[in-house]
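Enquirer: predicted model and sequence follow; I will ask about them next.
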Amino acid sequence: MPIKNIDDGSGETLRVLEVDGYFAPTFDTVFQNQQEEEFRSIPNWPLKPDDVLICAYPKAGTHWLWEVSSMLVNQSADRVKLIKETAMLEALTEEQFRNIPSPRVLNTHIPLRLMPKDTLSNKTKIVFVQRNPKDICVSFFNHHSKIVEYDFNGKFENYVNRFLKGLVDYGSWFEYTLEWEKIIRDNPEHPFHMMSYEDMKSDPISEIGRLSEFLGLKSSPELIAEIADKCDFSAMKKEKDPLENTKDWKDAKPGMYRKGQVGDWKNWFTVAQSEYFDTVFNQRMKDSSFTYRFS
Ligand SMILES: Nc1ncnc2c1ncn2[C@@H]1O[C@H](COP(=O)(O)OS(=O)(=O)O)[C@@H](OP(=O)(O)O)[C@H]1O
């Protein structure tokens, strides 16, 4: 397997699977079947008309929106018994993908060019989730620090640069985001639904209601309220962390549900790091046509 230890210039390294220049996670502690060829075959995987795809850069709130969307599609607030990695394109073999029962709520962090090639022509419903990239940076740092497969022991003071340069699995947040912006702009007829972590935190009931409408469902206000409750951070942390494979996590301590807050970056970034981040953000996103409301 083409395993690569990405060095950011500080001497610290992060272990990934490199496929044709793209950095993916290795998934080798849980999904031992993850192979370069399997990854390359994803564009040929067939989608079904009722598939829903959650697309997000890592740490934007994918687990949360996958759980909410799955409950909506099931029209039930019963806890989803599986973890979101069991429906995550790049963590699966084609056989596992084909065996997911419909209606399928899939999720991925890979860009469109590496996804099933019928995604746009099939008019597959896409929920695109965004989050303040400073919070993503902090969350990703903790993810890399705690998950065994990355073999990463870096410091946050170096990590901001690593993140800004995209020297992580799934590459640059800027490239990922700008690429999706363009796809969304260029395909006005495609069913895209934009969501943000911050909006979900501030008004989950309205956001889940909007998502339900987008999915073409008639969910009762009671169901929406129950789903909001079941998918609240503390409820998910309590009930979903035990489903994680402890082998994946350093000290056998699952940490997928870490803090679940807006603005935790303020506890991590120095003033200089924050200013530098803003400079890079303003430069890289200068042609962005989207409005980002980050606090
Ligand atoms: N229910 C709920 N409510 C609020 N926040 C939640 C919830 N579930 C997960 N999270 C937080 O989302 C962050 C993980 O993002 P992802 O699910 O996209 O991670 S992953 O890339 O798929 O591994 C990670 O953020 P941080 O806590 O800031 O690290 C999770 O804690």
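Expert: Here it is on my side, so go on.
Enquirer: and the strands in the chain?
Expert: Counting by DSSP state E, the segments of the chain that form strands are 3-7, 13-19, 22-24, 52-56, 105-108, 125-130, 192-196.
Enquirer: same list, the ones you listed, but as CSV with mean pLDDT please.
Expert: Shown next, in CSV, are the strands of the chain (pLDDT from 0 to 100):
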stretch, mean pLDDT
strand 3-7, 93
strand 13-19, 93
strand 22-24, 93
strand 52-56, 98
strand 105-108, 98
strand 125-130, 97
strand 192-196, 97
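Enquirer: kindly reformat those strands as TSV containing distance to residue 265 and mean neighbour count.
Expert: (Each C-beta comes from the backbone N, C-alpha and C, glycine too.) As requested, the strands of the chain are arranged in TSV below (distance: least, CB to CB, whole Å; neighbours: other CB atoms under 10 Å):
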stretch	distance to residue 265	mean neighbour count
strand 3-7	22	14
strand 13-19	20	20
strand 22-24	23	18
strand 52-56	18	25
strand 105-108	24	25
strand 125-130	15	22
strand 192-196	15	19
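Enquirer: to the ligand, which of these lies closest?
Expert: Evaluated over the strands of the chain, closeness to the ligand peaks at strand 52-56, with 5.6 Å, by CB to the nearest ligand atom.
Enquirer: name the residues that touch the closest one?
Expert: Identification of contacts with strand 52-56 by CB atoms under 8 Å, 6 or more residues apart in numbering yields 62, 65-66, 69, 73, 103-109, 115, 119, 124-131, 180, 215.
Enquirer: please apply the same query to stretch 131-142.
Expert: Here stretch 131-142 has contacts from 56-61, 154, 156, 159-160, 163, 168, 173, 177, 196-198, 255, 258-259, 261-265, 267-269, 274, 277, 281, 292, 294-295, using CB under 8 Å, 6+ apart.
Enquirer: repeat that for stretch 276-284.
Expert: Outside stretch 276-284, the residues that touch it by CB under 8 Å, 6+ apart are 133, 134, 137, 160, 164, 174, 178, 269.
Enquirer: and it, what's buried?
Expert: 277, 280, 281, 284 (16 or more other CB atoms under 10 Å).
Enquirer: how far away is the second one from the ligand?
Expert: To tie it back to what came earlier, the one meant is residue 280. 21 Å (CB to the nearest ligand atom, to the nearest Å).
Enquirer: likewise for the third one?
Expert: With distances taken as CB to the nearest ligand atom, residue 281 is found 18 Å from the ligand.
Enquirer: TSV please, covering the contacts of stretch 276-284 and showing neighbour count.
Expert: Below are those laid out as TSV (neighbours: other CB atoms under 10 Å):
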residue	neighbour count
133	24
134	23
137	23
160	23
164	21
174	19
178	16
269	18
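Enquirer: follow-up on the earlier one: and the ligand, which of the contacts of strand 52-56 contact it?
Expert: The subset of the contacts of strand 52-56 within reach of the ligand, by CB under 6 Å from any ligand atom, is residue 62.
Enquirer: residues contacting residue 257?
Expert: Residue 257 neighbours (CB under 8 Å, 6+ apart): 63, 233, 236, 237, 240, 241.
Enquirer: quick check, nearest of the residues you listed to residue 91?
Expert: residue 63 (12.8 Å; CB to CB).
Enquirer: surely that closest one and residue 233 touch.
Expert: No - with contacts counted by CB atoms under 8 Å, residue 63 stays clear of residue 233, the gap being 10.3 Å.
Enquirer: now go through the contacts of residue 257 and say which are in helices.
Expert: 63, 233, 236, 237, 240 (DSSP state H).
Enquirer: quick one: neighbours of the first one, just the number.
Expert: This points to residue 63. By other CB atoms under 10 Å, 20 other residues sit near residue 63.
Enquirer: roughly how far does it sit from the ligand?
Expert: From residue 63 over to the ligand (counting by CB to the nearest ligand atom), the distance is 3 Å.
Enquirer: quick revisit: from the contacts of stretch 131-142, keep the buried residues only.
Expert: Burial by neighbour count, 16+ other CB under 10 Å: within the contacts of stretch 131-142 this picks out 56-61, 154, 156, 159-160, 163, 168, 173, 177, 196-198, 255, 258, 262, 264-265, 268-269, 277, 281, 294.
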